[in-house]
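Q: okay, predicted coordinates and the sequence, questions at the end:
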Amino acid sequence: MPAGERGVEAAEGAAAASATPRLRTLVVEDEPKVAAALREGLEGEGYEVVVEGSGEAAFFRLTTDSFDVVLLDLRLPGRDGLEILSAARRRGVATPVVVLTARDTLEDRVIGLDAGADDYVVKPFAFAELLARIRAVVRRGRTAEPARLVIDTLVVDRVSRQVTRAGEAVELTVKEFDLLLHLARHARQVVSRDTLVREVWRESSRSTTLDNVIDVHVSRLRRKVDTQRPVKLIHTVRGVGFVLREAP
């Protein structure tokens, strides 16, 4: 192949790679060496990795942040992994979860899957197999997302990008729709400002200006979605972020 063609091919490959979204992964593992090895391996494959080493920290992160997949150890200080998983599922967290554990009996596998795990990988494992399992659960999770998200009388159609409340059209700007869609995808979960900065505004870090912009957009959404409605759906969780849910 001529050098010029090789250069074009390399450039196209690099552009394609940079256009591929990085899978955001939460690794819940209390063994520092194991956590470091997982982080190094996943980041080497282009994943964005967040590590939590205790049960309480992992539960808070899982219910206030957004991830493409979670790798969850079961034996954790402070709160057992199965308890975290069950509680997160009850809160409506639908993020794919791969359990990583040394518990390898059939009963343990059944308990883990019944608690809400999408897959179960027994330690020690081959890293290539773990990557394949991650890709499989992420694919299943993405294909399972419905076209229309319904919360009370609010309907968000992610395909047509149309919104209705009690059958009436709600006119939104592009960014307002993106914000509402993200809240709807994580309905009944608190979405932090940091998550909105990263997932909706596509910025790497928060600033006072960006916080003000988020507040303005949330205020506009409230005015369009909740004004003159007996049930308010958009709520502020002071010091954390926002949640889209029915009244308690």
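A: Good, I have the coordinates.

Q: can you pull out the low-pLDDT segments for this protein?
A: For the chain, the stretches flagged by pLDDT under 70 are 1-21, 141-145, 248.

Q: which residue ranges form the strands in it?
A: Counting by DSSP state E, residue ranges of the strands within the chain are 24-28, 48-52, 69-73, 97-101, 119-122, 148-151, 154-157, 162-165, 168-170, 191-192, 234-237, 241-244.

Q: mind saving the C-alpha coords of the third one as PDB?
A: Spelled out, it's strand 69-73. Coordinates of the C-alpha atoms in strand 69-73 are reproduced here as PDB (Å, rounded to 0.1, in the frame of the first residue of the first chain):
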ATOM      1  CA  VAL A  69     -21.500  -0.700  33.500                       C
ATOM      2  CA  VAL A  70     -20.600  -1.700  37.100                       C
ATOM      3  CA  LEU A  71     -18.100  -4.300  38.200                       C
ATOM      4  CA  LEU A  72     -19.200  -5.200  41.700                       C
ATOM      5  CA  ASP A  73     -17.200  -7.200  44.300                       C
END
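
Q: distance between it and the chain's centre?
A: Centroid displacement of strand 69-73 relative to its chain, using C-alpha atoms, centre = their mean, to the nearest Å, is 12 Å.

Q: note down every partner strand of it and its orientation.
A: Strands adjacent to strand 69-73 in the sheet, as given by DSSP bridges, are strand 24-28 (parallel), strand 97-101 (parallel).

Q: out of those strands, nearest to Ser160?
A: Taking C-beta to C-beta as the criterion, strand 24-28 is the member of the strands paired with strand 69-73 that comes nearest to Ser160, at 26.6 Å. From N, CA and C alone the C-beta is placed, and that goes for glycine too.

Q: run a quick neighbour tally on the closest residue in space to Phe177 that isn't next to it in sequence.
A: By the measure of C-beta to C-beta, 6 or more residues apart in numbering, the closest residue to Phe177 outside its immediate chain neighbours is Arg161, 5.6 Å from it. Burial of Arg161 is recorded as 12 neighbouring residues (other C-beta atoms under 10 Å).

Q: one more: Arg185?
A: Look at Arg185: counted by other C-beta under 10 Å, it has 17 neighbours.
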